[in-house]
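Engineer: Model the following, please.
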Amino acid sequence: MTNIWLHVFIHVHFFVAGYLYCWSIAGRDNSPYRASLHVRLLALFLGIAAHGYLAKLMYINLWPSVSLYNNQTYTVEAIQSAAQLMYYGGDLAELLLAVALFYGWYKKRNRYWKRHPHVIRSFLF
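Structural biologist: As a prediction, this is how the structure comes out:
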């Protein structure tokens, strides 16, 4: 890449977009307009599907084959290794994000049951 500022901007964009995505799904603070667990799960699973689809598209179609910046053609091995890193590395990141989401949900439910023990008794007996 010949333009260093464009390179830095793209990396900052990826970092900020990933941070906002993770915060909106499994952020620790309760915002007043926080989406429900079902909506956040749907966003997570759609993100997983889109991420996997893009990685498979890169692996099979060898996309992008030509750089837009200096007409450099990428090798087949470079594109396929990038797609594998995106596929398997993305799975690990998405698994950690799902664990964080369910851990927050579990803690919230556990606090609810501790504050309302009569609900458990009336439900069980």
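Engineer: what's the burial count for Tyr59?
Structural biologist: Residues lying near Tyr59 (other Cβ atoms under 10 Å) number 17. Quick note: C-beta positions are derived from backbone N, CA and C, even for glycine.
Engineer: What helix or strand is it located in?
Structural biologist: Tyr59 is located in helix 37-61, with elements delineated by DSSP states H and E.
Engineer: Show me how far the helix or strand just after that helix is from its chain's centre.
Structural biologist: Counting by DSSP H and E, the next helix or strand C-terminal to helix 37-61 is helix 76-84. Remark: helix 76-84 is offset 21 Å from the chain centroid, using Cα atoms, centre = their mean, to the nearest Å.
Engineer: mind listing what's buried in helix 76-84?
Structural biologist: Ile79, Ala83 (16 or more other Cβ atoms under 10 Å).
Engineer: Other residues contacting it?
Structural biologist: Ala55, Lys56, Met58, Tyr59, Leu62, Trp63, Pro64, Ser65 (Cβ atoms under 8 Å, 6 or more residues apart in numbering).
Engineer: Can I get the residues you listed in JSON lines including distance to Thr75 and pLDDT?
Structural biologist: As requested, those are exported to JSON lines (distance: Cβ to Cβ, whole Å; pLDDT from 0 to 100):
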{"residue": "Ala55", "distance to Thr75": "18", "pLDDT": "93"}
{"residue": "Lys56", "distance to Thr75": "19", "pLDDT": "93"}
{"residue": "Met58", "distance to Thr75": "13", "pLDDT": "89"}
{"residue": "Tyr59", "distance to Thr75": "14", "pLDDT": "91"}
{"residue": "Leu62", "distance to Thr75": "9", "pLDDT": "74"}
{"residue": "Trp63", "distance to Thr75": "14", "pLDDT": "76"}
{"residue": "Pro64", "distance to Thr75": "12", "pLDDT": "72"}
{"residue": "Ser65", "distance to Thr75": "10", "pLDDT": "66"}
